[in-house]
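Student: sequence and computational prediction follow.
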Amino acid sequence: MPRNTDQPIQPADSESSDVTRHRLIEVRGALLRLHKTLLDHERTAYEQRYGQVAPGELLRLIISDRHFAWLHPVSELIVRIDELLDADPHADAKDTSSLLEQTRTLLRSGDDNLFRGRYRTVLQENPDAVLAHADIIRALDARRST
């Protein structure tokens, strides 16, 4: 079959990088959904204990209140993913793979005892968190099409 000469030939590393980048974008979307689910869960728990929180106040609490501190590793991971995706559209596959592995490690075993313990509790209490977790794991474990 003749090659389409209108499209440039991409080196194998570029194709691998594109596939890894696509997986990272999928994982990022799933991670954002999980993050929102976890925030909603924690907001409900916080409001049951302390009363309703105004939207502007919620952001301050998420940043500075210890009730929400366990979520910071997820927030920071999202920021690192965004920085890599924004900085270089053809980021090194090694860098993207590293972020995928960091995501996997955080959600499966957790480097932080506070995160790990609270995350497991939320997974037991909230079916939406379980579904969001499963979506990320599927995206992380997706077979490469190369």
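Tutor: Here it is on my side, so go on.

Student: what stretches of this protein score poorly on pLDDT?
Tutor: Scanning the chain for pLDDT under 70 picks out the ranges 1-17, 88-91, 110-112, 143-146.

Student: where exactly do the helices run in it?
Tutor: Applying DSSP state H to the chain gives helices spanning 12-50, 55-64, 72-87, 93-108, 113-125, 127-141.

Student: I'd like the ones you listed as JSON lines, with mean neighbour count appended.
Tutor: To be clear about C-beta, it is placed using only N, CA and C from the backbone, and glycine gets the same treatment. Below are the helices of the chain laid out as JSON lines (neighbours: other Cβ atoms under 10 Å):
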{"stretch": "helix 12-50", "mean neighbour count": "16"}
{"stretch": "helix 55-64", "mean neighbour count": "12"}
{"stretch": "helix 72-87", "mean neighbour count": "15"}
{"stretch": "helix 93-108", "mean neighbour count": "17"}
{"stretch": "helix 113-125", "mean neighbour count": "15"}
{"stretch": "helix 127-141", "mean neighbour count": "16"}
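
Student: centre-most residue in the protein?
Tutor: Leu31 (2.9 Å; Cα atoms, centre = their mean).

Student: doesn't Val74 make contact with that residue?
Tutor: Yes. Between Leu31 and Val74 a contact is recorded at 6.9 Å, counting by Cβ atoms under 8 Å.
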